[in-house]
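[1] Provided below for reference: sequence and predicted model.
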Amino acid sequence: MTGRLAGRLVALGVTGSIAAYKSVELLRLLQAEGADVVVLLSPAATRFVAPLTFDALSRHASESDLLSLLPDGRIGHIVAADTADAIVVAPATAHWLGAMAHGLAGDTVTATALASGAPVVVAPAMDGDMWSHPATQENVRRLRDDFGYTIVEPDSGPLASGQVSVGRLAELPRIVNAVVEAVGQRPVRAPDPADRPPRIESPREADLTGRRILVTAGGTAEPIDPVRFIGNRSSGKMGAAVAEAAIERGARVTLVVGHFTAALPSNAAIVRVETTAEMRDAVLDILDSSDVLVMAAAVADFRPKRTAATKLPRGEGLTIDLEPTEDILAGAAAAARAPGSRTPRPILVGFAAETGSLERAADKLRRKGVDLLVANDVSAAGSGFGTDTNQVTILDADGGEQALPLLSKRAVADILLDRVARALDERDAAAQTEPMRQEIGR
């Protein structure tokens, strides 16, 4: 892209002024000059313009929470501070001017400016009496003279208070020109997009409209006695991400959940279970009416052979005889291929949580008879139970492998559902042509 800011990353800070709506057009003008724009929002700014507006236009997730992390674990506002070629705060309120002049990092806009070596352009907007107050003028002087910030002073005109006075946000082309001048001939700070805040993937099409998708999530609990059980650390986040992504793409989702801590999508049909046997029964009961099974639950592999009817007393030790639980995925695959089962059969997706190596994943895919297997090393950083991220390899029945970098679980879910949507289309196309092939073969 050409323009005076081509190849540059500009951090656009928006604070809680009624003029915040003009920041949307400012973002567009910066982009028209070739800039990549990431938006920083104070808490008050989010009450004037929804973050989703900036997210959709910038293709970056806006930063409004000082404690938020990027999917790869980096601190969002620090990444913006380290990679932005310029920071422009427009509109800047009197409160923000005072906080910035005194180094009070109470929001992402002040914190980013404090943490950055990039030039800063400030365009104030406020009531006329607030702008002329000595305290505001002293804060502006300090930012300009002591900090070296460029101040694009407000214009005179009608204000939200009904006054006609100085305090109106400067015309947007003036602000853009100030950003261009502040950047000057400086080298691009972070030419590699991987160093910058990550871009948001383009919205997926509603390519699963009307599809019935069965997802399992969370862990199962195998009782030792009425108060104790054998389980695992699964939070259910991966399954919940798959369910949420599928719903947004038009699917009708049934979510079978065991023990979980994740937030579940409110518009999924929820079936709650405890044990592996209960999850198996629920899956087999719903499978025949499903187009897809995504087995994201972390099922307990063993259960006590005997469950005590009353709480076992605490003693010096306890020995428990274990037996394998049902293999839900293999059983579902067998049921889907059994004579008399629905045609075309459902697409089957399994998950394999491994530690240290994914060498066994391909064998699991063959043994269980699934179409896709999502394998991950749960001992790897950011890829285990309870995390918001995952690093997986997607294997298919044709021997293909798609290794993904560390991504948010929602991003993994969308990539997986891309594969599922294609598999469904191929399945349906094959089902339509099969009768013709049989007729020709007679």
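    Yep, it's here.

[2] next, count neighbours for residue 404.
    Neighbourhood size, residue 404 [other Cβ atoms under 10 Å]: 16. Any C-beta I mention is one placed from the backbone N, CA and C, and that applies to glycine too.

[3] mind listing what it touches?
    By Cβ atoms under 8 Å, 6 or more residues apart in numbering, the contact set of residue 404 is 391-394, 412, 415.

[4] give me the subset of those lying in helices.
    Taking DSSP state H as the definition of helices, the contacts of residue 404 contribute 412, 415.

[5] need the contacts of residue 404 in a markdown table with distance to residue 139, can you?
    Formatted as a markdown table, these follow (distance: Cβ to Cβ, whole Å):
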| residue | distance to residue 139 |
| --- | --- |
| 391 | 46 |
| 392 | 50 |
| 393 | 54 |
| 394 | 54 |
| 412 | 46 |
| 415 | 47 |
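
[6] among the contacts of residue 404, who's most crowded?
    residue 392 (26 neighbours).

[7] contacts only, for that residue.
    374-376, 383, 404, 412.

[8] now do residue 106
    Residues near residue 106 by Cβ under 8 Å, 6+ apart: residue 99.

[9] got the buried residues for the helix or strand hosting residue 180?
    Taking DSSP states H and E as the definition, residue 180 sits inside helix 172-183. Applying a neighbour-count criterion of 16 or more other Cβ atoms under 10 Å, the buried positions in helix 172-183 are 172, 175-176, 178-180, 182-183.

[10] shouldn't residue 121 be in contact with residue 147?
    No. Residue 121 is beyond contact range of residue 147, at 11.8 Å (criterion: Cβ atoms under 8 Å).

[11] more neighbours: these two, which one.
    Using other Cβ under 10 Å as the criterion, residue 121 and residue 147 rank with residue 121 on top: 26 against 13.

[12] hmm, back to that, could I get the contacts of residue 404 as a markdown table with pLDDT and distance to residue 138?
    Converted to a markdown table, the contacts of residue 404 look like this (pLDDT from 0 to 100; distance: Cβ to Cβ, whole Å):
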| residue | pLDDT | distance to residue 138 |
| --- | --- | --- |
| 391 | 87 | 51 |
| 392 | 89 | 55 |
| 393 | 90 | 59 |
| 394 | 93 | 59 |
| 412 | 90 | 51 |
| 415 | 92 | 53 |
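
[13] which one of the contacts of residue 404 sits closest to residue 222?
    residue 392 (26.3 Å; Cβ to Cβ).

[14] can you give me the offset of the helix holding residue 180 from its chain's centre?
    Centroid displacement of helix 172-183 relative to its chain, using Cα atoms, centre = their mean, to the nearest Å, is 33 Å.

[15] so what touches stretch 300-315?
    With contact meaning Cβ under 8 Å, 6+ apart, stretch 300-315 is reached by 219-228, 230-232, 275-276, 318, 320-325.

[16] still on that earlier bit, check which helices and strands the helix holding residue 180 sits against.
    helix 22-32, strand 86-92, strand 120-124, strand 150-151 (3 or more Cβ pairs under 8 Å, 6 or more residues apart in numbering; DSSP states H and E).

[17] pull the CA atoms of the third one into PDB?
    Same thing as strand 120-124. Written as PDB, here are the backbone C-alpha positions of strand 120-124 (Å, rounded to 0.1, in the frame of the first residue of the first chain):
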ATOM      1  CA  VAL A 120       3.400  11.000  20.500                       C
ATOM      2  CA  VAL A 121       0.700  13.300  18.900                       C
ATOM      3  CA  VAL A 122      -2.000  14.600  21.200                       C
ATOM      4  CA  ALA A 123      -5.300  16.200  20.000                       C
ATOM      5  CA  PRO A 124      -7.300  17.500  23.000                       C
END
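
[18] that strand: partners in the sheet, and parallel or antiparallel?
    Strand pairing for strand 120-124, using DSSP bridges, gives strand 86-92 (parallel), strand 150-151 (parallel).

[19] what about the longest one, average pLDDT?
    In this case it means strand 86-92. For strand 86-92, mean pLDDT is 98.
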